[in-house]
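1. no FASTA, just this:
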């Protein structure tokens, strides 16, 4: 996973092909403040042959459930089942900016997933719709039991991965997103990690999740404490980063969604990191 909205269309197409060539299974494309994720997924899927593409995440306030089902099933049809529908509730501010009233997120997401599953559509070459949802808290995880194929977490530690696996059981995929930074120097690594985390450190619902992992309010101040930064971003050489990914796998993660932060900045993912991790 990477903020693919910053890449040109041609660069994104080539990025998908590169990922496929080094054995990466899935690319998750965002829905932030740029491209429409289903259209973006179609662009990448049409340029690859084995790579899966998921929406990570499609905002449920951005389209009704029937539109989401139609888009996802169409992409699955055109790609022989390589599209994954990733859904999430986003946050109150973004929902209201779209002109929607914010609703209790647990019930809202449950009803939406049920509506996607129940959408009556006529699409040739029908593939089973694979639905993954962004969920961190136990209430969300409990109400989605039996409704989804996977759960995705973001900016959490291996301890959180272990707790989430216990909540969802063995029959649900668990995708853990991990920011990674191939930088050895602690000062430089933490400086770059803080820059990458700036937006998220201001969001209260992440604070609530991190407090449950043992962090305190002081850890969220002044760009984040060293302990918080080290807990959320895997930095160091490729072996150190791989060790963190293994911690998540040992804790129950099915798939690690790597965000390959580029030490040089810019719009390109750090391919050297991805290549080192897939060797």
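-> Good, I have the coordinates. The model shown is predicted, which means the values in this text are computed figures rather than measured ones. Numbering: from 1, shown residues only.
2. quick one: buried residues of the host helix or strand of residue 14?
-> When secondary structure is defined by DSSP states H and E, residue 14 falls within helix 9-21. Of the residues in helix 9-21, 12-13, 15-16, 18-20 count as buried by neighbour count, 16 or more other Cβ atoms under 10 Å. No exception for glycine: its C-beta is placed from N, CA and C like everyone else's.
3. One more: stretch 77-87?
-> 78-79, 81-87.
4. If you count neighbours, what's buried in stretch 195-209?
-> 196-197, 200-201, 206-207, 209.
5. ignore the last one, stretch 36-52
-> Going by neighbour count (16+ other Cβ under 10 Å), the buried part of stretch 36-52 is 37-38, 40-45, 47-48, 51-52.
6. cool, stretch 236-245 as well?
-> Of the residues in stretch 236-245, 236, 241-242, 244-245 count as buried by neighbour count, 16+ other Cβ under 10 Å.
7. Report the distance from that stretch to the chain centre.
-> 20 Å (Cα atoms, centre = their mean, to the nearest Å).
8. With stretch 219-235 instead?
-> Remark: stretch 219-235 is offset 19 Å from the chain centroid, using Cα atoms, centre = their mean.
9. what about the longest strand along the chain, average pLDDT?
-> As assigned by DSSP state E, the longest strand anywhere in the chain is strand 173-181. Strand 173-181 shows a mean pLDDT of 97.
10. what angle do the strand or helix carrying residue 243 and strand 173-181 make?
-> Per DSSP H and E: residue 243 is located in helix 238-251. Calculated by axes from the mean of the first three to the mean of the last three Cα atoms, to 10 degrees, helix 238-251 forms an angle of 160 degrees with strand 173-181.
11. now the nearest residue to residue 102 once chain neighbours are set aside: how far from residue 103?
-> Nearest residue to residue 102 in three dimensions, chain neighbours excluded: residue 92, at 4.1 Å (Cβ to Cβ, 6 or more residues apart in numbering). Relative to residue 103, residue 92 is positioned 9 Å away (Cβ to Cβ, to the nearest Å).
12. same question, residue 256
-> In this view, residue 256 and residue 103 are 32 Å apart by Cβ to Cβ.
13. Those two - which one has more neighbours?
-> Per other Cβ atoms under 10 Å, whichever of residue 256 and residue 103 has more neighbours is residue 256, with 21 against 16.
14. State the three-state secondary structure for that one.
-> The three-state label given to residue 256 by DSSP: H, G, I helix; E, B strand; the rest coil is strand.
15. With residue 101 instead?
-> Assigned with three-state DSSP, residue 101 falls in the coil class.
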